[in-house]
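Visitor: Sequence unavailable; structure follows:
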DNA sequence: ATTTATATCTTTTTT
DNA sequence: AGATATAAAT
């Protein structure tokens, strides 16, 4: 029975499956059957009588975990459900819930997402009256995040000379103070951010040896997938957990490390050998996924990096078609060419939409492809981007739910206190914050006793709000998550507000909220979930990633996503688009981190997603912040050995011709269906192009006027206009709505 | 307090 | 272009 699944494996794969005792590192080249090895390895353990509950498998996404769990289930049956398998964040959030009291939290702690963190930093900057142009919120958060990922506490940060010198040099000397207040505030709010989930796990295991011991005994086998993308904090957790049994197995590929910007430390993989002297290293180098041409092209690219672990990825697959290079004249043309190509290949090779993927560097690039595919009636789906749970209306309802379970959650409070509008404006909120600060109590203390803190005059709407929340709390104690959430949606007025909004967007938002309620219903009805409380649902939801919440499963659609999201996936036909210098490799990456090698690894990851045919494309011009920008071909294109390439000239020339004609006709503002409200229909936002000196125009408010001057300089599309009634005005054209009278 | 108009900023990837 | 912050008007 067990030989069944060993049969199809090559020698190193088989060895990896059978090596279960002692430290093991599997260096798995792209397409080398890594997932297969991992699933069989776990199945093998279970078949040999290992309790699934003593197996810990850490993956990069929850989706990967679920897929692997299903595959294991096919071999060993329902026992597979017991395996502790998930992302670092979700597994250790689960453990932190259980042990929360040990580190000063309660089990209902909230998890702050990036938006919450940023909003908290914003208010801290305000309180310290620091200039948020100097202390950029993103920079501050990134700095705190990197510190935590390297396990540097507030105290250590403040003591450390190097950090202080760096912050001085960057003219942000108050970083240490901000970090301290930020952490204090999180603790006070009974909240953790993403990095805290790992940081606090380390603290928990460091300060509570009995807890550490419990989990060390529990997890006899520890496995880490995508090991090249783990950070120091994550690595130390696994090392501690595996310290007793020493059965640690890590799987990764240093050539596919693409998350260094998030604290992933490629050194982990390179230093692993030093930490485990008796380490067994197995390399999986045979690629089963791609054609010879694709494997060779990928090798020719990645060989330019100075990696420390050499491996030779090879394949026995057929040579396959050459890699095609398409040159388009504009981003829109690029979209059309790719859509045409997909259409033709699909017909000629009788393929399905789901055999195709379009991969790009940044989410913003998807637009042109969406339009082109829609025009050709090709179905597509976009993975990632703004996820369901990041939408405003969803975040609002979730914030209500969060605050109902955790009244210390001040970011949730700030989000909902005046949503829907209930007469508690900015001024009132500011007073609440000040009052809480003076009395050294939490915001909820002030809100729930508004009259005594702020006086009766102002207290009325606040009191109503507090009463509302208290009633939610009573219900959540008695009812399940669904009934509570449905009640909150109704009683808070959120549903009503959205229902009254009759615009297309308003309707969609209303439906989104209904969809969230459905999801909660599903959660409650699922017999696998024992705890049906609101707080249990919130736990499961706060760590969902954008890739995991898309509802339409495996339908026949072309997939579009960033290269980062494509990690671990494969497609018959892959299009890597936008191969332009400054876009890919990204300008930002090069200037801020000077890391060309990581960008190159990203390119390598993209290439190796393709099974049969790879197409690369770039555009000679592209819209960027509303402006047309000329681009040059990416340096990466020159790194591919030309013998594997075929340049598609005809496509390029045709593209140039069509785009040339197209560019002659002015772009018209898009008509979206027939929108209901059209009070100023003929007042359209003007553009420099259609405004000239001496032209007679009409402004909805200032009335008639004559254009005096149009200013194109410094990217500022301004026009000086003399109005009959109000005199001379300078308008920013992209915002001024004007009607042109010839 | 809330709505509306204008100015400013964005510049990457995501658990 | 689009989102978000700020200022001004209601």
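Guide: Sure thing, it's come through. Remember, it's a predicted structure, so these values are computed and weren't measured experimentally.

Visitor: Where does chain A get nearest to DNA strand B, residue-wise?
Guide: Using Cβ to the nearest atom of the strand, residue A:425 is the residue of chain A that sits closest to DNA strand B, at 2.6 Å. Quick note: C-beta positions are derived from backbone N, CA and C, even for glycine.

Visitor: Wait, that residue touches residue A:432, no?
Guide: No - here residue A:425 lies out of contact with residue A:432, judged by Cβ atoms under 8 Å, at a distance of 11.2 Å.

Visitor: Is there a neighbour count for residue A:44? I'd like the number.
Guide: Residue A:44 has 18 neighbouring residues, counting by other Cβ atoms under 10 Å.

Visitor: so where does it fall, helix or strand?
Guide: Using DSSP states H and E, residue A:44 sits in helix A:34-47.

Visitor: about what we covered before: if you drop the residues flanking it in sequence, what lies closest to the residue of chain A closest to DNA strand B?
Guide: In space, residue A:425 comes closest to residue A:418 once its chain neighbours are excluded; the distance is 6.8 Å by Cβ to Cβ, 6 or more residues apart in numbering.

Visitor: Would you check that that neighbour makes contact with residue A:432?
Guide: No - here residue A:418 does not reach residue A:432: they are 11.1 Å apart, not a contact under Cβ under 8 Å.

Visitor: For these two, indicate the residue with more neighbours.
Guide: Neighbour totals were compared for residue A:418 and residue A:432, and residue A:432 leads with 24 against 16 (other Cβ under 10 Å).

Visitor: mind checking which helix or strand that one is in?
Guide: Here residue A:432 is assigned to helix A:426-439, by DSSP H and E.

Visitor: and after that helix, which helix or strand comes next?
Guide: helix A:443-448.

Visitor: Low-confidence ranges, the stretch 551-700 of chain A, go.
Guide: For the stretch 551-700 of chain A, the stretches with pLDDT under 70 are A:551-554, A:649-692, A:698-700.

Visitor: now the helices for it?
Guide: With DSSP state H, counting those that start in this stretch as the criterion, the stretch 551-700 of chain A has helices at A:587-588, A:596-607, A:649-664.

Visitor: just the stretch 151-300 of chain A next, same as before
Guide: With DSSP H, counting those that start in this stretch as the criterion, the stretch 151-300 of chain A has helices at A:154-159, A:161-169, A:175-188, A:194-207, A:209-218, A:232-241, A:267-275, A:292-302.

Visitor: just how off-centre is the helix or strand just after the last one within its chain?
Guide: Moving toward the C-terminus from helix A:292-302, the next helix or strand (DSSP H and E) is strand A:314-315. Going by Cα atoms, centre = their mean, to the nearest Å, the spacing between the C-alpha centre of strand A:314-315 and its chain's C-alpha centre is 33 Å.

Visitor: What of stretch A:356-365?
Guide: From the chain centre to the centre of stretch A:356-365 is a distance of 14 Å (Cα atoms, centre = their mean).

Visitor: List of residues touching it?
Guide: With contact meaning Cβ atoms under 8 Å, 6 or more residues apart in numbering, stretch A:356-365 is reached by A:331, A:338, A:342, A:345-346, A:366, A:369, A:384-385, A:558-563, A:566, A:569, A:571-578, A:583-584, A:586, A:602, A:606, A:609.

Visitor: Report the buried residues of it.
Guide: A:356, A:357, A:358, A:359, A:360, A:361, A:363, A:365 (16 or more other Cβ atoms under 10 Å).

Visitor: Columns secondary structure, pLDDT and distance to DNA strand C on top of the residues you listed, output as JSON lines?
Guide: What follows is the buried residues of stretch A:356-365, written out as JSON lines (DSSP: H, G, I helix; E, B strand; the rest coil; pLDDT from 0 to 100; distance: Cβ to the nearest atom of the strand, whole Å):
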{"residue": "A:356", "secondary structure": "strand", "pLDDT": "96", "distance to DNA strand C": "25"}
{"residue": "A:357", "secondary structure": "strand", "pLDDT": "96", "distance to DNA strand C": "24"}
{"residue": "A:358", "secondary structure": "strand", "pLDDT": "96", "distance to DNA strand C": "20"}
{"residue": "A:359", "secondary structure": "strand", "pLDDT": "96", "distance to DNA strand C": "22"}
{"residue": "A:360", "secondary structure": "strand", "pLDDT": "95", "distance to DNA strand C": "17"}
{"residue": "A:361", "secondary structure": "coil", "pLDDT": "95", "distance to DNA strand C": "17"}
{"residue": "A:363", "secondary structure": "helix", "pLDDT": "90", "distance to DNA strand C": "12"}
{"residue": "A:365", "secondary structure": "helix", "pLDDT": "93", "distance to DNA strand C": "13"}
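
Visitor: and residue A:153, what does it touch?
Guide: Contacts of residue A:153 by Cβ under 8 Å, 6+ apart: none found.

Visitor: of all the buried residues of stretch A:356-365, which comes closest to residue A:120?
Guide: residue A:363 (24.8 Å; Cβ to Cβ).

Visitor: Look up how far residue A:385 lies from the closest one.
Guide: Per Cβ to Cβ, to the nearest Å, residue A:363 is found 5 Å from residue A:385.

Visitor: sec struct for residue A:483, please.
Guide: helix (DSSP: H, G, I helix; E, B strand; the rest coil).

Visitor: Per-residue pLDDT of it, please?
Guide: You'll see residue A:483 listed with a pLDDT of 96.

Visitor: can you check the one 3 residues further on too?
Guide: The pLDDT attached to residue A:486 in the predicted structure is 96.

Visitor: and the host helix or strand of it, what other elements does it pack with?
Guide: Using DSSP H and E, the element containing residue A:486 is helix A:481-491. The contact analysis (3 or more Cβ pairs under 8 Å, 6 or more residues apart in numbering; DSSP states H and E) places helix A:481-491 against helix A:392-405, helix A:456-478, helix A:494-500, helix A:504-525, helix A:534-542.

Visitor: hmm, who's touching the next helix-or-strand element following the first one?
Guide: Past helix A:392-405, heading to the C-terminal end, the next element that is a helix or strand (DSSP H and E) is helix A:410-416. Residues outside helix A:410-416 that contact it (Cβ under 8 Å, 6+ apart): A:110, A:112, A:116, A:119-120, A:123, A:185, A:188-189, A:191, A:395-396, A:399-400, A:402-403, A:406-407, A:429, A:442-444, A:447, A:492.
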